[in-house]
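Asks: model the structure of this input:
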Amino acid sequence: MPTPDPSEPLLIPDLSIEVEDYGGKTMTVHRIKQNGKIKFTNRNLVQPLTISSPAADSPFVPEGCSNAVSSFVVPANDKMTVTIAPTYVLGMKFTYSAQINGTSAEDPIVIVDRR
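Replies: This next block holds a predicted model:
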């Protein structure tokens, strides 16, 4: 696994992980404000990272785009910032999968919250 970029500041001195049982799976919870942004960093030097959501309403608006999408690809050793689609308001949630090449997918849940 590549070493984290030391030029990026650690924003939170402590780490708190919230876990929830959702749809029969144990999922890590990410809470975000309405219209908040998520920056995905693909630390794999060779393979792309695929982010996809099964949500009925597409949850992601990639930087520089005006349309919401259900999936996008972060190239190897790159970053992509997405905004949560404006259709997602306080209390709504969606899941997504993050997967690099043929590895097992990670399946977090995002909850729109007062942040």
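
Asks: switch to C-alpha atoms for all contacts and neighbour counts from now on
Replies: Fine.

Asks: leaving out chain neighbours, which residue sits closest to residue 113?
Replies: Sequence neighbours aside, residue 33 is the residue nearest to residue 113 in space, at 5.1 Å (criterion: Cα to Cα, 6 or more residues apart in numbering).

Asks: ok, the one you found to residue 93 distance?
Replies: From residue 33 across to residue 93, the span is 11 Å (Cα to Cα, to the nearest Å).

Asks: contacting residues for residue 106?
Replies: Neighbour list for residue 106: 97-99 [criterion: Cα atoms under 8 Å, 6 or more residues apart in numbering].

Asks: out of the residues you listed, flag the one nearest to residue 80.
Replies: Comparing the contacts of residue 106 against residue 80 with Cα to Cα picks out residue 98 as the nearest, at 13.0 Å.

Asks: what pLDDT does the closest one get?
Replies: According to the model's per-residue confidence, residue 98 sits at a pLDDT of 95.

Asks: what's the closest non-adjacent residue to it?
Replies: If the residues on either side of it in the chain are set aside, residue 98 comes closest to residue 51, at 4.7 Å by Cα to Cα, 6+ apart.

Asks: kindly report the same for residue 99.
Replies: With Cα to Cα, 6+ apart as the criterion, residue 99 has its nearest non-adjacent residue at 4.7 Å, and that residue is residue 105.

Asks: so what's residue 97 bridging to?
Replies: Residues found in beta-bridge contact with residue 97 (criterion: DSSP bridges) are residue 52.

Asks: nope, residue 22 is what I meant
Replies: Beta-bridge pairing for residue 22 (DSSP bridges): residue 25.

Asks: next, count neighbours for residue 16.
Replies: Look at residue 16: counted by other Cα atoms under 10 Å, it has 7 neighbours.

Asks: how near is it to residue 95?
Replies: Remark: distance between residue 16 and residue 95 (Cα to Cα) = 19 Å.

Asks: likewise residue 68?
Replies: Between residue 68 and residue 95 the distance, using Cα to Cα, works out to 15 Å.
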